[in-house]
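Engineer: Turn this into a structure:
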Amino acid sequence: MKALISDIVYLVAALGAVVGALWVILSRRPMRCALGLMVTLVSLAGIYAMMHAHLVAIMQILVYAGGIVVLFGFVIMLLKQGEPMRYRGPFLPVWIVSLVTTCYFAYMILPVVREVQRVREAVPEGFGTIEMMGKVLTSTHVVPFEAVAILLLMTIVGVIALARRPRKEAAS
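Structural biologist: Numbers count the residues shown, from 1 in each chain. Got it, this is the predicted structure:
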């Protein structure tokens, strides 16, 4: 029964990811594309959570679905684009390129699909959990972790310095 529920949740998350991706590709309005991207990213976070990669799932929601999609939304609103541009060129070559790309993608992804079960059995217990990631980041990888923290701090200070407007002096 537990496996059936797990399979159903996985299929719903996978269907959400595919529908969201199609929504991004087929929508003509930029904000709807951003919403489709959010649906895709949240669905992928659900798949990561089912794979017991909890930290990756949380980061997927916080960084990508929360931060990047909001940034895309702000950029779209700031650009204030009008009607979407329509492609007026020859239509048949676009479909041929799409078909060739899809076939190449299937060719590249089929060996990965075959290896999923083998890799699933080789993953150690606790792989991808927040506890294991915390232990790794604070023991063997503490220097790169701190370097990234300092880099992010410097980036934040730089953005604040660039975004700060000079104060106008009050007229005497």
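Engineer: can we go C-alpha only for contacts and neighbour counts from here?
Structural biologist: OK.
Engineer: Can you read off the backbone torsions of residue 126?
Structural biologist: The phi/psi pair for residue 126 (degrees, to the nearest 10) reads phi 80, psi 10.
Engineer: Residue 53 too?
Structural biologist: Residue 53 adopts backbone torsions of phi -100, psi 70, taken as degrees, to the nearest 10.
Engineer: contacting residues for it?
Structural biologist: Residues near residue 53 by C-alpha atoms under 8 Å, 6 or more residues apart in numbering: 127-130.
Engineer: Of these, which is the most crowded?
Structural biologist: Neighbours here mean other C-alpha atoms under 10 Å. Within the contacts of residue 53, the largest count is held by residue 128, at 19 neighbours.
Engineer: Now name the helix or strand holding it.
Structural biologist: In this structure, residue 128 sits in neither a helix nor a strand according to DSSP states H and E.
Engineer: Pretty sure it sits against residue 58.
Structural biologist: No - applying C-alpha atoms under 8 Å, one finds residue 128 not in contact with residue 58, separated by 11.3 Å.
Engineer: List of residues touching stretch 135-144?
Structural biologist: Residues outside stretch 135-144 that contact it (C-alpha under 8 Å, 6+ apart): residue 145.
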